[in-house]
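Predicted model follows, preceded by the sequence.
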Amino acid sequence: MNLGTFVPGGASAPATEVEISVRCEELANCDLTSKSDPTCVLFVQRSNKPGDWAEFGRTEKIQDCLSPRWGKKFVMDYRFEERQLLKFAVYDIDSSSAKLDAHDFLGEAECSLGEIMAQQSKGFVRKLTKGGKIHVHAEELSSNKDLIHMKFDGQKLDNKDFFGKSDPYFEISRANESNDFSVVFRSEVIQNNLNPVWKQFTIEGRTLCNGDYDRTLKFDVFDKDNDGSHDLIGSFQTNLRKLLKGAGSENVYECINEKKRKKKGAKYKHSGLLVLKQIQIEPNPSFLEYIQGGLQVNFTVAIDFTGSNGRPSDPNSLHYRDPTGRPNQYVTAIQSVGEIIQDYDSDKQFPCLGFGARIPPTGEVSHEFFLTLDSSKPFCAGIEGILSSYYTSLNAVQLSGPTNFSPVINHVAKFAQVYQSDPTNYFVLLIITDGIITDFEETKSALVSASGLPLSVIIVGVGNEDFSEMELLDGDNGRLQSHGRVAQRDVVQFVELRKFVQGGGYGWNKELLAKNLLAEIPKQVCTWMKTNGFKPLTRN
């Protein structure tokens, strides 16, 4: 068990971070002219109420494959003292829609994380409800987050195609305790080439071998076929310790195809070579190291005051101020995120904005006004100050419209721009909204421009609107684009609040909401720092 960093005279609670790998066999086929394109979705149980599941994450989609080996992993905390119930559901992805009910369901399996951990020596296998099996491997992650940069070329690979040449790609898999292998990396495909030159790639050391330099790594080279039945060209095994010796004769590998060797006997030499051209290890500072170096996280809230929220005096309004003190959805989102973010801001003075309302004294529509309604006093003191100013605005403005995001994004981006060459400050904008964005193209353009700044944007959708358009802003399915420009990195995290209703429908699971909203912030901070060459500052 990982006990964390040793601090003499301190105290810590044991915590174990585990990585979960998934593969399936013999899935049901829901496509008529080809094979299913499966993705595995992991759900965690939110409460003791049966069927109360929250989505935790998704793997990548594997094209035309009924026995997929997904490369994307799930990383979660393992708590021995709790029964952590999980559900693995597999879907055939037929479109770009993020909604699971838009895709064919291929089956599911439920278990506890404890069951998975206990069966690692022999391998955890479950039958899926609609046929096929799911194999789950989990192991404790090492604390080593060093980045490994590698580049490989292929030479004289076997030709597997009758017309043209092979279209080669390679996979790296690491050995497991159960004598199985889990895929950790899959290269790009090089079309029609027996001497491919693959791009350099970067992988965390703990993903590649979990910090064990002697752990067996298996390389498989394939010829990609459009029908999903990729032909194996050849394989070999090595380890990171050997790879770190660098380019040279020791890291030129013969790709062996066992079927072909048995068929040809002594005449068989190999099916081509895989050659290591470059390898480098680079330290990968953590979010905590930047915080310890003095990084300030500056938190700004932007609240939707458009008319579609409903009159605040109406109990059905999303802005309703309940006499019993029960928080509305806007208050819940502010508290969930703010209570965590405020700990990383030393002065706890937060600028807070509203948009989509007619404001005093003239009644003009504004898409960028301070909640204090006083431009000379834009800051709110702590979470209580934010909520107080929110209620002040709610009583003084008239809800209107439309729903424009770009003004508040550009407002915060101006401040972030000042620190573009300074690693001491990072900005987080929380936008809480009930509806579909009116200025969608302008918002995309603003976010693409902001992707090069020390800025992250969290969007919380409240109410029951269709938020499918919001999913396009979240870069989980590819970098955001606008007018031919591509975002430098993913800066948006979107979450629907209704997914975090507690069992029974009363209240919200604020802890799970905060975890989902803030999960990507440390990664986004580290990506921005690394892209700009900033290392953690050393405090005197």
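Nice, I can see it.

For residue 347, grab the count of nearby residues.
10 (other CB atoms under 10 Å). C-beta: built from backbone N, CA, C; applies to glycine.

Do you know the pLDDT at it?
Residue 347 carries a pLDDT value of 83.

From residue 445, how far out is it?
32 Å (CB to CB, to the nearest Å).

Repeat that for residue 206.
In terms of CB to CB, residue 206 sits 37 Å off from residue 445.

Helices of this protein, start to end?
Assigned by DSSP state H, the chain shows helices spanning 113-118, 205-208, 240-243, 258-264, 287-292, 329-341, 382-396, 406-418, 440-450, 468-473, 510-518, 521-531.

winner for burial among those?
Scoring the helices of the chain by mean neighbour count under mean count of other CB atoms under 10 Å gives helix 329-341 as the most buried, with a mean of 22.

closest one to residue 153 among the helices of the chain?
Closest approach to residue 153 among those (CB to CB): helix 240-243, 14.4 Å.

Keeping just the C-alphas, turn that closest one into CSV.
What follows is helix 240-243, C-alpha atoms only, in CSV (Å, rounded to 0.1, in the frame of the first residue of the first chain):
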residue,chain,number,x,y,z
LEU,A,240,12.6,-0.5,-19.9
ARG,A,241,16.0,-1.1,-18.4
LYS,A,242,17.3,-2.5,-21.7
LEU,A,243,15.5,0.2,-23.7
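
got a list of contacts for that helix?
148, 150, 205, 208-209, 212-215, 217, 250-251, 276, 279 (CB atoms under 8 Å, 6 or more residues apart in numbering).

Highest neighbour count among those residues?
In those, the most neighbours by other CB under 10 Å go to residue 209, 25 neighbours.

how about the nearest residue to it, chain neighbours excluded?
residue 215 (4.2 Å; CB to CB, 6 or more residues apart in numbering).

looking at it, the one you found is touching residue 172, isn't it?
No: assessed by CB atoms under 8 Å, residue 215 is found out of contact with residue 172, at 11.5 Å.

count of residues packed around the closest residue to residue 54 other than its chain neighbours?
Spatial nearest neighbour of residue 54, excluding adjacent residues (CB to CB, 6+ apart): residue 46 at 4.8 Å. If you count neighbours by other CB under 10 Å, residue 46 ends up with 18.

Any figure for the gap between residue 46 and residue 416?
Distance from residue 46 to residue 416, by CB to CB: 34 Å.

go on, residue 73?
From residue 73 to residue 416 the distance is 31 Å (CB to CB).

And residue 409, by the same measure?
10 Å.

what's the overlap in contacts for these two?
Residues touching both residue 409 and residue 416 (CB under 8 Å, 6+ apart) are residue 450.

So residue 340 is in contact with residue 514, correct?
Yes: the criterion here is CB under 8 Å, and residue 340 meets it with residue 514 at 5.5 Å.

what residues does stretch 352-360 touch?
Against stretch 352-360 from outside (CB under 8 Å, 6+ apart): 300-307, 364-373, 378, 380, 386, 389-390, 393, 396-405, 407-408, 411.

Mean pLDDT per helix and strand in this structure: which one sits at the bottom?
None of the helices or strands of the chain scores lower by mean pLDDT, DSSP states H and E than helix 510-518, at a mean of 75.

and it, what does it pack onto?
helix 329-341, strand 455-461, strand 492-496 (3 or more CB pairs under 8 Å, 6 or more residues apart in numbering; DSSP states H and E).

Note down every partner strand of the second one and its orientation.
Think strand 455-461. strand 425-433 (parallel), strand 492-496 (parallel) (DSSP bridges).

Now do that strand, average pLDDT.
Taken as a whole, strand 455-461 has an average pLDDT of 92.

Now that strand - C-alpha only, CSV.
Extracted in CSV, the C-alpha atoms of strand 455-461 (Å, rounded to 0.1, in the frame of the first residue of the first chain):
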residue,chain,number,x,y,z
LEU,A,455,-6.8,29.3,-17.6
SER,A,456,-9.3,26.5,-17.2
VAL,A,457,-13.0,26.7,-17.6
ILE,A,458,-15.5,24.6,-15.6
ILE,A,459,-19.1,24.6,-16.9
VAL,A,460,-21.9,23.3,-14.7
GLY,A,461,-25.3,22.6,-16.4
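
Buried residues of stretch 480-491, list them for me.
Going by neighbour count (16 or more other CB atoms under 10 Å), the buried part of stretch 480-491 is 480, 482, 487-491.

so how far is residue 354 from residue 370?
8 Å.

Give the residue from the two that has the larger number of neighbours.
residue 354 (25 against 20).

my read: residue 55 touches residue 40, true?
No: contact criterion CB under 8 Å: residue 55 and residue 40 do not qualify, at 11.6 Å.

between these two, which one's more packed in?
A count of neighbours by other CB under 10 Å puts residue 40 above the other of residue 55 and residue 40, at 26 against 14.

Hmm, residue 40 and residue 92 touching each other?
No: using CB under 8 Å, residue 92 is not in contact with residue 40, being 11.4 Å away.

Strands of the stretch 101-250 of the chain, residue ranges please.
For the stretch 101-250 of the chain, the strands defined by DSSP state E, counting those that start in this stretch occupy 104-112, 124-127, 133-140, 147-155, 168-175, 181-186, 201-204, 217-223, 231-238.

Adding distance to residue 35 and mean pLDDT, write the ones you listed out as a markdown table.
Converted to a markdown table, the strands of the stretch 101-250 of the chain look like this (distance: least, CB to CB, whole Å; pLDDT from 0 to 100):
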| stretch | distance to residue 35 | mean pLDDT |
| --- | --- | --- |
| strand 104-112 | 11 | 95 |
| strand 124-127 | 20 | 95 |
| strand 133-140 | 17 | 94 |
| strand 147-155 | 27 | 97 |
| strand 168-175 | 18 | 97 |
| strand 181-186 | 18 | 95 |
| strand 201-204 | 27 | 94 |
| strand 217-223 | 16 | 97 |
| strand 231-238 | 16 | 96 |
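
Tell me which of those strands is the most buried.
The most buried one of the strands of the stretch 101-250 of the chain (mean count of other CB under 10 Å) is strand 168-175, showing a mean of 22.

That one - contacts with which helices or strands?
Packing partners of strand 168-175 (3+ CB pairs under 8 Å, 6+ apart): strand 147-155, strand 181-186, strand 217-223.
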